[in-house]
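Asks: Take a look and give me a structure for this.
(one chain, ligands or ions: 1)
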Amino acid sequence: MLHQRTPRIIQFARYIQTRGKKTVLPSAKELKQSISAKKINKKKNIENKEPSSFHYGKYGRLCDSSNKPKVLDKITSFRELKILPEIRNSIIEMIQKDSIVDLPHSEINPSPIQVEAIFQIMKKIDNLNQLNVFTIAAETGSGKTMAYLIPLLNYLRANMLENEKNKSAIRSVILLPTHELVNQVYQTLTTLSSDLGLNVSKWDATVSYNQLIENIKTRIDILVTIPSKINDTLYSIQKINRPEHLLNKVEFAVIDEADTLMDKSFKETTIKTLKKFPNLRNLIFCSATIPTEFQKTLSSMFIGNNTIITTPKLHKLPSKLKFHVVDATLNPFKGNKIKVLQQILYAISKDGSEPNVTEKRCIVFVNDKDSVKYLVDTLSSLDYKIVGLTGQDTVEERFKKIQPFLSPSVIVTGGILESSVDRLKVKSREHGFKPESEEALKVGGNELVKIPNSNIEIPKQLNAKKRPVITDKISILVCTDLMARGMNFKGVRNVILYDVPNSAIDLVHRCGRTARMRQGGRVFMITDKSTKSWAKAIPKIIKKNMSIS
Ligand SMILES: Nc1ncnc2c1ncn2[C@@H]1O[C@H](COP(=O)(O)OP(=O)(O)OP(=O)(O)O)[C@@H](O)[C@H]1O
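Replies: Numbering: from 1, shown residues only. This is a model prediction of the structure:
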């Protein structure tokens, strides 16, 4: 009898399957069937162009470079954009102060979304015959805030003289979903607007109605608030006759974190709020993701009258992000996620990353508020420095808890804290002492010498060798999705996803709290038996620079 030969492809497939594993081999027939089934599926997918696991809507797959003016590729500096010089200088100064990247003025250039948004918006903004609607969408931490603030400031400043007559008025409104985000944008604006003669106010839980009315009397150029403040509070307090008059002069509105403000739970209030601005001329939606629901709403509300401004990186995780998946089902964890969490925290604290910081910071995201309490109780009993934040905290408590995570970690250089070096720099300048170089001030031991005829002390060993200081201290913030959007956590290089997020959109936002503006960052995602297979594929998706859609 003739021996039937196994085809070479099947022999190879068997070999791959059995390498290092004890697996039950599929029969040649089964293998053949699965190979042809895969081929058919692949062909079907290509033909239908259907997204495999997620669907973000039309713009999830959009990287429509055909609509993009060619000139945009040539713009590399703020100087080449149509911005008033005083705005440009203020912005560059602000970015230098605020940015997580330490750059000299000459190297501060617009990010891709800033080039595109500023160019496109400035081109249409003076068209007063219709409502100009723009949607800015780009990956997390790509500088979207400045992408809408620059056109807004430019508009207000350019139309200043005419509007100065309108003393008692609100000229523009920025809407955000949380008090923390209101505060964050307000802080950026107060630094920016002081030199520009623009009045900025916020209306959140820390500002009373009376205070707001006082501010309106001297004109508010930009009001930063949450939609319900305008929609409900302004109308429920019967102190002024016709509150709608206060909003008559609003010509410019921004809906930041628009995917949240236009989702099911917020949409009605947001739209009602927008309808209270009868003289609106420019409306910007800004978001890191465009889910299907949001896209549908936009299309139905503004048919053919919405300029979509996106980058090809939309719905991709930041390129500098390192993504790790830790499987809790494996030994030695045996399904114990707390053990996995402890292991990750231990690794972060001991791995020598972030040299010279006095303390590393880490955010742990969970899916529900009960887990916040559970993790805080468990880990604080094991002596971890940990705080938990939920919607049940008051706004003041929340501000206090997130504060350390918002500012960059304190840097130690040559045994001196950088914050104290900064104080020394200021003091030195006040007394007319010019150090040879700023670096010289940072380097040295702890011993200080007095500069003659002054009360300034500087390190004695200016040329001592720099040695990195390695800390194993780690400070942890546990929270739900409440803090996942828009927050610019400058001091956070590590994010742990204790629970796998419920959707790819949540995943994009949570991961986006680190690795911002091309800075490095790491995400550790804990998976277990119930984790869907899509989550396990994420490291590959990032490696191949694909969208999670
Ligand atoms: N052109 C620039 N060059 C360098 N840094 C910048 C520039 N523009 C903004 N930044 C800094 O980048 C950081 C992230 O910016 P921003 O908060 O606007 O991101 P985002 O795109 O709104 O993120 P998210 O989607 O999470 O809301 C901020 O610290 C900001 O100061």
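Asks: can you confirm Ile92 is in a strand?
Replies: No - read with DSSP: H, G, I helix; E, B strand; the rest coil, Ile92 is helix and lies in no strand.
Asks: Make sure it is actually in contact with Phe78.
Replies: Yes - here Ile92 lies in contact with Phe78, judged by CB atoms under 8 Å, at a distance of 6.3 Å. Where you see a C-beta, it was placed from the backbone N, CA and C, and this is true even at glycine.
Asks: tell me the domain ranges of the protein?
Replies: Domain assignment for the chain by automatic domain parsing gives 78-310, 321-548.
Asks: For the first one, what is the distance to the chain centroid?
Replies: Domain 78-310 has its C-alpha centroid displaced from the chain centroid by 17 Å (CA atoms, centre = their mean, to the nearest Å).
Asks: and if you look at the shortest one?
Replies: What separates the centre of domain 321-548 from the centre of its chain is 15 Å, taken as CA atoms, centre = their mean.
Asks: average pLDDT for that domain?
Replies: Here domain 321-548 scores 78 as its mean pLDDT.
Asks: Can we start the residue count at 378 from this point?
Replies: Right, with 378 as the first residue, what we last looked at is domain 698-925.
Asks: and stretch 768-783, does that touch the ligand?
Replies: No - using CB under 6 Å from any ligand atom, stretch 768-783 stays clear of the ligand, with a minimum separation of 10.0 Å.
Asks: Buried residues of that stretch, list them for me.
Replies: Neighbour-count burial for stretch 768-783, counted by 16 or more other CB atoms under 10 Å, picks out 770, 775-776, 778-779, 781-783.
Asks: out of these, who's nearest the ligand?
Replies: The ligand has its nearest neighbour among those in Leu783, at 10.0 Å by CB to the nearest ligand atom.
Asks: Wait, the closest one touches Gly868, no?
Replies: Yes - the pair Leu783 and Gly868 passes the contact test of CB under 8 Å, sitting 7.0 Å apart.
Asks: which one of the domains of the chain is the most hemmed in?
Replies: Highest mean neighbour count among the domains of the chain (mean count of other CB atoms under 10 Å): domain 455-687, with a mean of 18.
Asks: ok so, going back, list residues touching both of Ile469 and Phe455?
Replies: Ile485 (CB atoms under 8 Å, 6 or more residues apart in numbering).
Asks: what does this structure have sitting close to the ligand?
Replies: So far as CB under 6 Å from any ligand atom goes, the chain lies against the ligand at 472, 475-478, 485, 487-488, 491, 517-523, 665, 863, 865, 889, 893-894.
Asks: contacting residues around the residue in the stretch 728-877 of the chain that the ligand sits nearest to?
Replies: For the stretch 728-877 of the chain, the residue closest to the ligand is Gly863, as judged by CB to the nearest ligand atom, at 3.8 Å. By CB under 8 Å, 6+ apart, the contact set of Gly863 is 553, 555, 558, 561, 633-634.
Asks: The same query, at a cut-off of 6 Å, please.
Replies: Shown in contact with Gly863 (CB atoms under 6 Å, 6 or more residues apart in numbering): 558, 634.
Asks: give me the element it is part of.
Replies: In this assignment (DSSP states H and E), Gly863 forms part of neither any helix nor any strand.
Asks: picking up where we left off before, okay, the buried residues of stretch 768-783 in CSV with distance to Lys544 and secondary structure next?
Replies: Below are the buried residues of stretch 768-783 laid out as CSV (distance: CB to CB, whole Å; DSSP: H, G, I helix; E, B strand; the rest coil):
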residue, distance to Lys544, secondary structure
Asp770, 38, coil
Arg775, 35, helix
Phe776, 32, helix
Lys778, 39, helix
Ile779, 36, helix
Pro781, 41, helix
Phe782, 40, helix
Leu783, 35, helix
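Asks: Poorly predicted segments of the stretch 578-727 of the chain, please.
Replies: For the stretch 578-727 of the chain, applying pLDDT under 70 flags the ranges 614-618.
Asks: can you tell me which of the buried residues of stretch 768-783 lies nearest to Leu638?
Replies: Distance to Leu638, by CB to CB, is smallest for Arg775 among those, at 19.1 Å.
Asks: Bridge partners for the residue nearest to the closest one when sequence neighbours are not counted, pull those for me.
Replies: Closest residue to Arg775 apart from its sequence neighbours, by CB to CB, 6 or more residues apart in numbering: Leu766 at 5.8 Å. Beta-bridge partners for Leu766, by DSSP bridges, are Cys856.
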